[in-house]
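> Need coordinates for the following:
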Amino acid sequence: MILCWIAYVCAALAAVVAGTSSIQRNNVNNCTESGDVMEIAFLGWPHRFYCNSLIEHTGLANEYFYNEQLDFDNVQCSIFDLDKGILLYNVTEVYDEYGTTFSELGYTTADIRSGDSTNYQINFMMPGMVKCESVFVHLNITKFENRTCEESILDETAHHVIGLVANARGSLKCMLPTHVQPKVHVNVEDHVSWLRNCVMLEVGTDDDFMVKSGGHLSLPSVTYQHPGTYTCAVTYNGMTRYTVHHRVCVKPKSNRQLSIKCSTSVYKHNILDDIRVKCTGYLAHDVDLDSVRVVWTKDNSESDICSIHGNEGAVDTPANSRTSCSIKVEKICFREVQDSTDIEAAPAVIDMKLKIRNLKQSDFGRYEVSLFQRTLNQTAAFEIQSNLQTFLLVRHATITCVAMALILLLLMFTAVLWWKRVYLFVYYKRKFGTNEPDNKCYGAFLSYHFSTDMDKFAKQLTRDAVSVVRDGLEGLGYRVYDEVKDGHSSGYQAPNIINTMRKCHKVIIIITPDYLKDHWCMFTLQKSFLEMIEARSKMIFILTPGSSAFIKQHRQDNESCRLVHRAIALNHALQWSDERRFDLKYFLLRLENVMPKLVSQRFRHVSHTSSVSSQPCRYNSGYLRSVSNDTQTTELGSPRPESEKTFTELTVTMEKENELRV
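I've put the predicted structure just below:
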């Protein structure tokens with residue numbers, strides 16, 4: 001069906017072109033020609049020429065209707081049949097008190113037949129016009145095609161959506177939309193009928209519907225049973241034309257007056273924030289939304305911040321690019337029949353939003369939003385304030401969080417450094433450590449206890465500890481004096497032991513439970529204390545499994561254990577173990593860390609005999625020392641040296657020296 005209507009229009013245009021090129025244009029009354037108009041006429045239907053066609057179809061509406069010199073109370077209209085050369089209509093109309101309008105003036109033909117005239121001229125004059133105007137009308141006579149109501153509904157051009165208010169009077173007009181051609185030019189009241197959802201209405205027998213003047217359908221009291229599609233049908237000479245389809249929905253009745261409110265009266269924000277202000281307006285459902293306008297203003301501002309109007313939300317140009325506004329209308333309208341009749345009345349709601357991006361200092365202040373509806377208006381005020389307190393709190397919280405994060409990172413970094421301190425110390429010592437002069441014969445004096453009386457487990461433990469320490473030191477290039485191995489062949493000479501200690505950079509003592517029980521070992525330990533105190537150097541204790549527990553158990557009643565306990569606290573102590581999970585590499589790094597860095601570390605093991613006889617490092621002669629596990633004296637056949645002190649005196653001296661060193 002739509003294709004048929006397009007074909008009609010194309011045929012009409014072709015007829016106009018052909019007609020205007022072949023017709024002798026006899027300009028009656030020599031009026032000014034304002035153009036040509038093409039109109040469609042159906043065979044078997046009358047056609048009407050309107051005097052206002054000149055204004056409607058030639059674009060002269062502004063020139064005429066807004067010209068104050070023209071007098072519409074006294075107009076002259078003439079209509080000529082150019083094909084037959086006769087005057088059809090000539091009238092001078094003075095509007096009477098009943099309100100006859102200019103748009104009603106015109107001429108209606110008889111039923112259109114094939115061969116009827118197709119070219120007409122309309123002349124138009126009124127007081128104030130210096131000359132008359134004319135328009136040529138060309139008819140395109142087309143055969144009418146009957147269609148069903150369902151087929152007609154598919155044509156969207158004849159649809160009109162309308163909302164009726166419940167419990168109020170409603171009216172539906174039987175009038176073609178202005179853009180639909182041709183018009184219906186019959187007495188509608190005598191030929192009209194109404195359908196609802198393409199079902200004929202019994203108008204006149206049902207109190208719900210009445211036909212008024214002009215064929216319009218009246219609903220005395222709209223209910224929720226009335227939603228649907230209402231169609232006005234005009235029947236003439238056995239032909240039915242469906243002029244308009246009204247899609248009716250029913251809205252709850254509301255007596256709500258125009259009002260407006262905002263979500264809050266004060267908005268606190270910081271500079272550079274994006275702010276969104278939301279306000280809500282309330283209207284009755286029967287208000288024409290095209291007449292609604294929303295305006296946002298600011299105190300001491302010369303122009304509106306933003307304004308928006310109409311149901312489509314047309315936005316006027318805002319004051320600046322950082323500002324935008326919008327509205328959204330929420331209306332309740334039932335398009336289907338409702339079973340319930342007690343539906344709560346609800347107003348139409350308008351959501352109004354204002355957005356300001358990148359807030360500046362100049363944006364702070366008092367604002368107003370106004371809702372206009374024709375002559376009515378309501379206003380709500382709000383204020384945008386600087387949220388300085390929140391800004392300070394956020395800034396302080398940020399600074400605190402950053403500080404805590406830095407402290408946490410620092411603690412973690414410190415923990416890592418502490419955990420890996422030995423690696424760092426050794427690395428620094430190797431790369432940047434100060435070299436000590438290599439003015440002594442040995443890098444280390446190694447003291448430990450080993451005898452055939454020891455059980456096999458103690459022997460193996462001592463062998464392993466001595467092997468690890470000695471091999472580790474020699475691997476670093478230190479020359480090691482082994483008290484047991486290097487001094488065994490010539491017997492023990494106390495003065496030679498003391499002199500040997502003086503020629504060593506460090507004294508290393510491997511502490512085992514058997515070492516703590518041996519008196520000669522304790523004598524060596526005492527002499528080591530004296531020599532290291534005088535040299536202002538610390539001793540190195542290697543603690544084997546079980547030695548720490550033995551010292552702790554006997555330090556209260558054993559002066560030797562008490563001395564060793566204090567000495568360990570004031571000197572270097574390294575824990576050694578023969579377990580598989582023992583980190584030998586870490587142990588050797590700790591040993592390297594407490595050893596001095598020498599100018600030239602010699603990797604060579606020299607026996608005690610060769611050192612005394614052939615090397616410049618020689619021992620001074622002294623008394624012989626012979627100690628067994630049974631004696632309690634330190635020297636046999638000789639007085640006690642003045643340099644030898646009791647364990648208690650030695651401990652006090654060590655603590656004083658350590659305090660001075662610190």
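
> any weak-confidence spans in the stretch 101-250 of the chain?
Applying pLDDT under 70 to the stretch 101-250 of the chain flags residues 101-103, 126-131, 157, 178-179, 186, 188-189, 204-207.

> Please, where are all the strands along it?
106-108, 119-125, 133-142, 159-165, 170-172, 192-196, 199-200, 210-211, 217-219, 228-236, 239-251 (DSSP state E, counting those that start in this stretch).

> The stretch 251-400 of the chain now?
Under DSSP E, counting those that start in this stretch, the stretch 251-400 of the chain gives strands at 259-262, 266-269, 275-283, 292-298, 306-309, 314-315, 323-330, 348-356, 365-373, 376-386.

> How about the stretch 451-600 of the chain?
480-482, 504-511, 540-543, 572-575.

> which residues of the stretch 301-450 of the chain fall in helices?
Secondary structure of the stretch 301-450 of the chain by DSSP state H, counting those that start in this stretch: the helices cover 388-419, 421-432.

> Equivalent analysis for the stretch 1-150 of the chain, please.
Using DSSP H, counting those that start in this stretch, helices in the stretch 1-150 of the chain cover 2-22, 53-58, 61-65, 149-153.

> Lowest average pLDDT across those helices?
The minimum mean pLDDT among those belongs to helix 2-22 (a mean of 40).

> so where's the stretch 551-662 of the chain shaky on pLDDT?
Ranges of the stretch 551-662 of the chain meeting pLDDT under 70: 600-662.

> Mind doing that once more with 50?
Residues of the stretch 551-662 of the chain meeting the criterion pLDDT under 50: 602-616, 618-648, 650-651, 654, 658, 661-662.

> Mind checking which residue lies nearest the centre of this structure?
residue 274 (13.3 Å; CA atoms, centre = their mean).

> winner for burial among the strands of the stretch 451-600 of the chain?
strand 504-511 (a mean of 25; mean count of other CB atoms under 10 Å). Quick note: C-beta positions are derived from backbone N, CA and C, even for glycine.

> what pLDDT, on average, does that one get?
91.

> Same check on stretch 308-320?
Rounded mean pLDDT across stretch 308-320 is 71.

> Straight-line length of it, end to end?
Start and end residues of stretch 308-320 are separated by 15 Å (CA to CA, to the nearest Å).

> And for stretch 574-591?
Criterion CA to CA; first-to-last residue distance in stretch 574-591 is 8 Å.

> Just the buried residues of that stretch, please?
For stretch 574-591, burial by neighbour count (16 or more other CB atoms under 10 Å) applies to 574, 576-577, 587-591.

> so of these, which ones are in helices?
Mapping these onto helices (DSSP state H) picks out 587-591.

> who's in contact with residue 87?
78-81 (CB atoms under 8 Å, 6 or more residues apart in numbering).

> So which of those is the closest to residue 51?
Nearest to residue 51 among the contacts of residue 87 is residue 79, at 7.6 Å by CB to CB.

> quick one, what contacts the closest residue to that closest one other than its chain neighbours?
Leaving aside its sequence neighbours, residue 79 sits nearest to residue 89 (CB to CB, 6 or more residues apart in numbering; 3.9 Å). The contact partners of residue 89, by CB under 8 Å, 6+ apart, come to 49, 77-79, 106-107.

> can the residues you listed go into TSV with extra columns for distance to residue 124 and neighbour count?
Output for these, formatted as TSV (distance: CB to CB, whole Å; neighbours: other CB atoms under 10 Å):
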residue	distance to residue 124	neighbour count
49	12	23
77	6	24
78	8	22
79	10	22
106	11	17
107	13	19
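
> just those now: which is nearest residue 247?
So of these, ranked by how close each gets to residue 247 (CB to CB), first place is residue 106, at 31.1 Å.

> who's that closest one bridged to?
On the basis of DSSP bridges, residue 106 is bridged to residue 50.

> How much space separates it from residue 47?
As for residue 106, its distance to residue 47 is 10 Å (criterion: CB to CB, to the nearest Å).

> Next: residue 143.
14 Å.

> Compare neighbour counts for these two and give me the winner.
Neighbour count, other CB atoms under 10 Å: between residue 143 and residue 47, residue 47 has more, with 22 against 9.

> What are the phi and psi values at that one?
phi -130, psi 150 (degrees, to the nearest 10).

> rewinding a little: quick one: which of the strands of the stretch 251-400 of the chain is nearest residue 224?
Nearest to residue 224 among the strands of the stretch 251-400 of the chain is strand 348-356; the distance by CB to CB comes to 17.6 Å.

> what are the C-alpha coordinates of the closest one, in PDB please?
Extracted C-alpha coordinates of strand 348-356, given in PDB (Å, rounded to 0.1, in the frame of the first residue of the first chain):
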ATOM      1  CA  ALA A 348       5.000  13.600  35.700                       C
ATOM      2  CA  VAL A 349       8.600  13.700  37.000                       C
ATOM      3  CA  ILE A 350      11.300  15.800  35.300                       C
ATOM      4  CA  ASP A 351      14.900  14.900  36.300                       C
ATOM      5  CA  MET A 352      17.100  17.900  35.800                       C
ATOM      6  CA  LYS A 353      20.900  17.600  35.900                       C
ATOM      7  CA  LEU A 354      23.700  20.200  35.700                       C
ATOM      8  CA  LYS A 355      27.300  19.200  35.300                       C
ATOM      9  CA  ILE A 356      30.400  21.400  35.800                       C
END
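
> and that strand, which strands flank it?
In the sheet, strand 348-356 lines up with strand 275-283 (antiparallel), strand 323-330 (antiparallel) (DSSP bridges).

> gap between the last one and the chain center?
When you say that, I think you mean strand 323-330. Its chain's average C-alpha position is 23 Å from that of strand 323-330, according to CA atoms, centre = their mean, to the nearest Å.

> Quick check: mean pLDDT of it?
Rounded mean pLDDT across strand 323-330 is 86.

> That strand to strand 292-298, inter-axis angle?
Strand 323-330 runs at 150 degrees relative to strand 292-298, counting by axes from the mean of the first three to the mean of the last three CA atoms, to 10 degrees.

> Pull out the buried residues from strand 323-330.
Going by 16+ other CB under 10 Å, strand 323-330 has these buried residues: 323, 325, 327.

> The longest one too?
When neighbours are counted by 16+ other CB under 10 Å, the buried residues of strand 275-283 are found to be 275, 277, 279-283.

> Out of these, flag the one nearest to residue 445.
Looking across the buried residues of strand 275-283 and measuring by CB to CB, the closest to residue 445 is residue 275, at 81.2 Å.

> Does that closest one touch residue 264 like I think?
No: Residue 275 is beyond contact range of residue 264, at 11.7 Å (criterion: CB atoms under 8 Å).

> Now that we have the strands of the stretch 251-400 of the chain, can you turn them into JSON lines and tack on distance to residue 225?
Below are the strands of the stretch 251-400 of the chain laid out as JSON lines (distance: least, CB to CB, whole Å):
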{"stretch": "strand 259-262", "distance to residue 225": "31"}
{"stretch": "strand 266-269", "distance to residue 225": "47"}
{"stretch": "strand 275-283", "distance to residue 225": "26"}
{"stretch": "strand 292-298", "distance to residue 225": "30"}
{"stretch": "strand 306-309", "distance to residue 225": "35"}
{"stretch": "strand 314-315", "distance to residue 225": "37"}
{"stretch": "strand 323-330", "distance to residue 225": "24"}
{"stretch": "strand 348-356", "distance to residue 225": "22"}
{"stretch": "strand 365-373", "distance to residue 225": "30"}
{"stretch": "strand 376-386", "distance to residue 225": "32"}
